[in-house]
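Trainee: Build me a model from this:
(chains A and B)
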Amino acid sequence: MFRASTPVALITSLLLAVTSLPASYGHLQSRASGIVQVQSGGWGTSISTQTGAATNAPYLLTWTANKNRQYALIAIVNTGSYNLRAGHISISSAKSNGDTANPPTLTFETCSGAWNATSYACSGSITTIASTASGQIDFPQNISVGNRLVIRVTNLRDINANYLTTINALSFRTDIRAAEVLSS
Amino acid sequence: MKAQRVSHHLRVVATSVFAGSLILVAGTSVFAGLNATVSASQTDSAGTLILSTANNGAGFSQPITNLAPGDVVNRYVTLTNSGTLASQSLGLSIAATGSSTLITDGIAPATNKALTVTVLSCTSGTWNTSTGVCSGTTNTEISETSLSAFTSQKVFSVSPALAAGATSQLQIRTKLPDQNETTVNGVVPTATVQNGSATLSYLFNQAQLTGATSNS
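Mentor: The predicted model follows:
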């Protein structure tokens, strides 16, 4: 039997279904997309021997007691992705027992040519950057990516104990190029 | 007895339907006969809303590499509403994945500043993609906003509506805020922005202009 209440129920159900739709229903939306990969570069230096591979550890120089005028050749290696306008190191020295009193004064020099690994002689002209026993030393010279700045370290003093000098390489934002605006 | 009543009802219904059909056919024939030279037709079609992007210069086709703190990279895309309906609420959201330091600003003691994005439009002119100069009027549609804030859509502030067939010429400005970091022995600090990588998925969205009632 077709009861009189059936159409009322159908209409009520239909109204409920329609009124329960979200307000945005029926409004069209359209989207468009694009993807871009963004990569940042990095700046950094490490200390190594004149020609050795760079490591991520502090570099250690050992000075022998009672020996006048000792040399060492070290290199600041550009391990980052930007050319550098300067290199920096910080040094500190201590005896084997940890005593930091009376550390040796070290002289840091660069060569316009090449350093001789045996005689420590420079094929060009020598520039003295600093003579100090501790602290930060700045080398205002360009070091391109993957290249190195070789430095002669001289200990002029006749020390009475074996000193260990720890050298850390520092690199700052200001060592790389200025910020750029690129349009393409 | 009950079966007879049902049968009777069915006969009544069938007869009514048949009679009604005859009346309709007859009526239509008469109507057609009287109005043979008058006819009218109406075609109703739904509108479309289609948004597309096209690279203007490098656009989204090339990666951004070796970004340094303070660098700004401008890329250009043209949005087109190629549908038949006008739109509103044109906006942009960005989904970013990759190095968290490039996506979200650091919380102390971390000091990293993440990438930011700015959207500009050029009206009554075009962008010079080499110089970044708009020959018409430059409008800031979305001011410089950190990438992490783009997870929700930002609606264009000046030109959020696009007429059917209209275009919006955009400059997408990606910036790595200037910041200092000290690298020691080749080791970058924790929470560094250096040597990072992020994939930015831009999603432009437009909505249909609110439906209107027209009388004609």
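Trainee: Excluding sequence neighbours, find me the nearest residue to B:F204.
Mentor: Excluding its sequence neighbours, the residue lying closest to B:F204 (Cβ to Cβ, 6 or more residues apart in numbering or on different chains) is A:A32, at 4.8 Å. In short, each C-beta sits where N, CA and C put it, glycine included.
Trainee: same question, B:R173
Mentor: Here the residue nearest B:R173, using Cβ to Cβ, 6+ apart, is B:T118, at 4.0 Å.
Trainee: quick revisit: point me to the helix or strand that includes the residue nearest to B:F204.
Mentor: Per DSSP states H and E: A:A32 is located in strand A:29-40.
Trainee: So what are the sheet partners of that strand and their directions?
Mentor: Here strand A:29-40 is paired, per DSSP bridges, with strand B:64-67 (parallel), strand B:197-208 (antiparallel).
Trainee: circling back: the residue nearest to B:F204 contacts B:S168, correct?
Mentor: No - with contacts counted by Cβ atoms under 8 Å, A:A32 stays clear of B:S168, the gap being 10.7 Å.
Trainee: Looking at these two, which one has more neighbours?
Mentor: Neighbour totals were compared for A:A32 and B:S168, and B:S168 leads with 25 against 19 (other Cβ atoms under 10 Å in any protein chain shown).
Trainee: Check the contact between that one and B:S121; I expect there is one.
Mentor: Yes - using Cβ under 8 Å, B:S168 is in contact with B:S121, at 5.6 Å.
Trainee: residue of chain B with the smallest distance to chain A?
Mentor: B:G70 (2.6 Å; Cβ to the nearest Cβ).
Trainee: Checking my notes, that residue in a strand, right?
Mentor: No - B:G70 sits outside any strand when classified using DSSP: H, G, I helix; E, B strand; the rest coil, being coil.
Trainee: so it makes contact with A:R177?
Mentor: No - B:G70 is beyond contact range of A:R177, at 9.7 Å (criterion: Cβ under 8 Å).
Trainee: residues in contact with B:T140?
Mentor: Residues near B:T140 by Cβ atoms under 8 Å, 6 or more residues apart in numbering or on different chains: B:118-120, B:157-158.
Trainee: nearest to A:V153, of these?
Mentor: For the contacts of B:T140, the residue nearest A:V153 by Cβ to Cβ is B:T118; the value is 48.7 Å.
Trainee: per-residue confidence at the residue positioned nearest the centre of chain A?
Mentor: For chain A, the residue sitting closest to the mean C-alpha position, by Cα atoms, centre = their mean, is A:G44 at 2.5 Å. The model reports A:G44 with a pLDDT of 98.
Trainee: Where does pLDDT dip in chain A?
Mentor: Residue ranges of chain A with pLDDT under 70: A:1-26, A:158.
Trainee: Tell me which stretches of it form strands.
Mentor: Listed in chain order, the strands found in chain A under DSSP state E are A:29-40, A:45-49, A:59-63, A:70-78, A:87-95, A:106-111, A:126-132, A:135-139, A:148-155, A:163-172, A:181-183.
Trainee: can you tell me which of these comes nearest to B:I142?
Mentor: Nearest to B:I142 among those is strand A:29-40 (15.2 Å), distances taken as Cβ to Cβ.
Trainee: Just the buried positions in that closest one, please.
Mentor: Of all the residues in strand A:29-40, those buried under the rule 16 or more other Cβ atoms under 10 Å in any protein chain shown are A:30, A:32, A:34, A:36, A:38-40.
Trainee: can you check stretch B:183-196 too?
Mentor: Going by neighbour count (16+ other Cβ under 10 Å), the buried part of stretch B:183-196 is B:183-186, B:188, B:192-196.
Trainee: Which two of those have the greatest separation?
Mentor: Across these, no pair lies farther apart than B:N185 and B:G196, at 19.9 Å, counting by Cβ to Cβ.
Trainee: circling back to that earlier point, keep only those of the contacts of B:T140 that are in strands.
Mentor: Using DSSP E, B:118-120 are the members of the contacts of B:T140 that sit in strands.
Trainee: Using a markdown table, lay out those residues together with neighbour count.
Mentor: Formatted as a markdown table, the ones in strands among the contacts of B:T140 follow (neighbours: other Cβ atoms under 10 Å in any protein chain shown):
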| residue | neighbour count |
| --- | --- |
| B:T118 | 17 |
| B:V119 | 24 |
| B:L120 | 21 |
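Trainee: Pipe these into CSV and attach pLDDT and distance to B:N56 per row.
Mentor: Converted to CSV, the ones in strands among the contacts of B:T140 look like this (pLDDT from 0 to 100; distance: Cβ to Cβ, whole Å):
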residue, pLDDT, distance to B:N56
B:T118, 98, 16
B:V119, 98, 14
B:L120, 98, 13
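Trainee: Past the helix or strand of chain B with the lowest mean pLDDT, which element shows up next along the chain?
Mentor: Among the helices and strands of chain B, helix B:2-34 carries the lowest confidence by mean pLDDT, DSSP states H and E, at a mean of 43. Later in the chain than helix B:2-34, the nearest helix or strand by DSSP H and E is strand B:51-56.
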